[in-house]
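> Kindly generate the corresponding structure for this input.
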Amino acid sequence: MTMSATGMRPGRSSTGMAPSLNVGKAKAGYKPAQMQQFTPEQMQLLEHMHSLVGPDSFLSKLAGGDEEMFNQLEAPAMRQFQGLQGNISSRFSGMGSGGARRSSGFQNTMNQASSDFASQLQSQRMGLQRNAIKDLSDMSNQLLSQRPYENFLIKKDPSFFKQIMMSLGNQGAQFASNAGQYAMMGGI
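Numbers count the residues shown, from 1 in each chain. So this is what the prediction gives:
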C-alpha cells in the first residue's frame, strides 16, 4: 500500500479514520455547530492568502501562461534588446561603406541576436511559469491544510438549553441583587 506525503493512507483523515462524507449534516438528535479557531487577524491573513492563489492573482496568471502578463514582464527586456539592435546597427554603419548594413554579415548578426534573444526569453518564460505552478501548488496545499473552524455536533436536548438559560438568568438576577445591595449600602 502506498502512503501519501503526510504518511497517512489515502482516503484517511488525520485521525486515521475514513473521512466523514456528511460533514455539516446533523445526525438524529444532534445539530451541527461551528467554532472559529482563528483570531480576526489570522482570518484576514487567510483571506489575503486566498486572494494570492485566486484565478485573477498574479501567480495564477503566470502559471496559466497569460500572454498579457508576460508582455508586461518582458517589456524592459524588449527595450534593452532594441538598444542592442541599435548598437549592432551603429557598429556596422561605422565600418565605412554605406552598404555594410545591407551586408550578409549584418543580417546574420541581427538574425543571431534575435534568435538568441527569443530563445532566452522563451526559456525565462517557461521557468517563470514552472515556478509559478510550483508556488501556486505549495500555497494552495498550505491553505487547504488550515482549519479556521472546528465543526462539531451538539445534542438537541431542550432541557439542556433550558438549564443553561435558567442558570444564566439566575446569575444575572444574583448580579442585579448584589449590585442593588451594594448601592443601598452607599457603595455607588
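> contacts, neighbours, all on C-alpha from now
Fine.
> Report the secondary structure element holding Ala33.
If you go by DSSP states H and E, Ala33 is part of strand 30-36.
> next one: Met49
With DSSP H and E as criterion, Met49 is part of helix 40-53.
> So which bits of that helix are buried?
Leu46, His50, Leu52, Val53 (16 or more other Cα atoms under 10 Å).
> With stretch 69-77 instead?
Quick answer for stretch 69-77 (16+ other Cα under 10 Å): Phe70.
> pull the CA atoms of that stretch into CSV?
Extracted in CSV, the C-alpha atoms of stretch 69-77 (Å, rounded to 0.1, in the frame of the first residue of the first chain):
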residue,chain,number,x,y,z
MET,A,69,1.2,39.3,-18.0
PHE,A,70,4.3,38.0,-19.8
ASN,A,71,4.3,41.0,-22.2
GLN,A,72,4.3,43.3,-19.1
LEU,A,73,7.2,41.4,-17.5
GLU,A,74,9.2,41.3,-20.8
ALA,A,75,8.7,44.9,-21.7
PRO,A,76,12.1,46.0,-20.1
ALA,A,77,13.9,43.2,-21.8
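> returning to what we had before: state the mean pLDDT of the strand holding Ala33.
The average pLDDT for strand 30-36 rounds to 86.
> okay, the angle between it and helix 40-53?
90 degrees (axes from the mean of the first three to the mean of the last three Cα atoms, to 10 degrees).
> Check which helices and strands strand 30-36 sits against.
strand 149-155 (3 or more Cα pairs under 8 Å, 6 or more residues apart in numbering; DSSP states H and E).
> which helices and strands does the strand it packs on pack with?
Strand 149-155 packs on strand 30-36, going by 3+ Cα pairs under 8 Å, 6+ apart.
> Wait, a helix at Phe106?
Yes: with DSSP: H, G, I helix; E, B strand; the rest coil as the criterion, Phe106 is part of a helix.
> quick one: it from Ile88, how far?
8 Å (Cα to Cα, to the nearest Å).
> what residues do the two have in common as contacts?
Listed as contacting both Phe106 and Ile88 by Cα atoms under 8 Å, 6 or more residues apart in numbering is no residue at all.
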